[in-house]
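Enquirer: Build me a model from this:
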Amino acid sequence: MTPSMTALEYNNKIVDEQNKIITKILAFYDATAAGSETSEKLRLKASEQCKTSLKVIKALPDFEGETRLRDAAVELLLFYQTMADKSFVEMMEIIEKGEEITQDDLAQLEKIEADITNKEILLDDELAKAQEAFSKKHNVTLVENEIQQKIDNLDTE
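Expert: So this is what the prediction gives:
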């Protein structure tokens with residue numbers, strides 16, 4: 001099958017969808033850190049973007065028989081969906097306790113954040129490896145994704 005897009009367009013389509021989600025996740029984190037009442041609305045926007053982006057990426061055909069890049073992106077986006085629908089809800093429930101937060105709550109919040117970080121590192125690494133292999137095979141020059149760097153920095157804060 002002859003691809004309907006170039007290798008660069010294929011890669012960029014995946015990155016663009018990932019960036020749409022990351023932007024929404026960052027907005028959620030910013031609002032939550034500031035104690036904003038818009039956190040739930042932003043969480044829902046992130047969840048909806050995950051659903052939309054997953055449909056887009058899942059609909060991509062293989063690229064000259066290759067599926068690793070697309071499949072790695074789908075796995076990462078599914079993880080983002082779980083974050084938005086489960087982990088973020090759990091985090092908000094704890095944060096909303098305000099002054100009534102217990103040490104157990106704080107420990108649970110740290111566990112949720114650590115679980116997110118650990119899982120995301122593995123999925124990001126697989127996507128990066130898939131992108132690198134794809135780019136080498138198809139002579140695509142990869143550039144640093146500044147939006148990805150922002151979410152990676154959350155893991156170190």
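Enquirer: Starting from residue 127, give me the distance back to residue 38.
Expert: 29 Å (Cβ to Cβ, to the nearest Å). C-beta: built from backbone N, CA, C; applies to glycine.
Enquirer: These two - which one has more neighbours?
Expert: Ranked by neighbour count (other Cβ atoms under 10 Å), residue 38 and residue 127 place residue 127 first, with 23 against 14.
Enquirer: Look up phi and psi at the more buried one.
Expert: For residue 127, the backbone dihedrals (degrees, to the nearest 10) come out as phi -60, psi -40.
Enquirer: buried sites along stretch 117-132?
Expert: 120, 123, 124, 126, 127, 130, 131 (16 or more other Cβ atoms under 10 Å).
Enquirer: could you dump these to CSV with pLDDT, secondary structure and distance to residue 139?
Expert: What follows is the buried residues of stretch 117-132, written out as CSV (pLDDT from 0 to 100; DSSP: H, G, I helix; E, B strand; the rest coil; distance: Cβ to Cβ, whole Å):
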residue, pLDDT, secondary structure, distance to residue 139
120, 93, helix, 29
123, 96, helix, 26
124, 93, helix, 24
126, 97, helix, 22
127, 96, helix, 19
130, 97, helix, 16
131, 94, helix, 13
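Enquirer: May I see the buried residues of stretch 33-49?
Expert: 39, 40, 42, 43, 45, 46, 47, 49.
Enquirer: What about those, which are in helices?
Expert: 39, 40, 42, 43, 45, 46, 47, 49 (DSSP state H).
Enquirer: Give me the pLDDT value at the first one.
Expert: In other words, residue 39. For residue 39, the model assigns a pLDDT of 90.
Enquirer: Buried residues, stretch 68-76. List them.
Expert: In stretch 68-76, counting by 16+ other Cβ under 10 Å, buried: 68, 69, 70, 71, 72, 73, 74, 76.
Enquirer: can you redo those residues as a markdown table with distance to residue 29, pLDDT and secondary structure?
Expert: Output for the buried residues of stretch 68-76, formatted as a markdown table (distance: Cβ to Cβ, whole Å; pLDDT from 0 to 100; DSSP: H, G, I helix; E, B strand; the rest coil):
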| residue | distance to residue 29 | pLDDT | secondary structure |
| --- | --- | --- | --- |
| 68 | 29 | 97 | helix |
| 69 | 27 | 97 | helix |
| 70 | 27 | 97 | helix |
| 71 | 27 | 98 | helix |
| 72 | 23 | 98 | helix |
| 73 | 21 | 97 | helix |
| 74 | 23 | 98 | helix |
| 76 | 17 | 97 | helix |
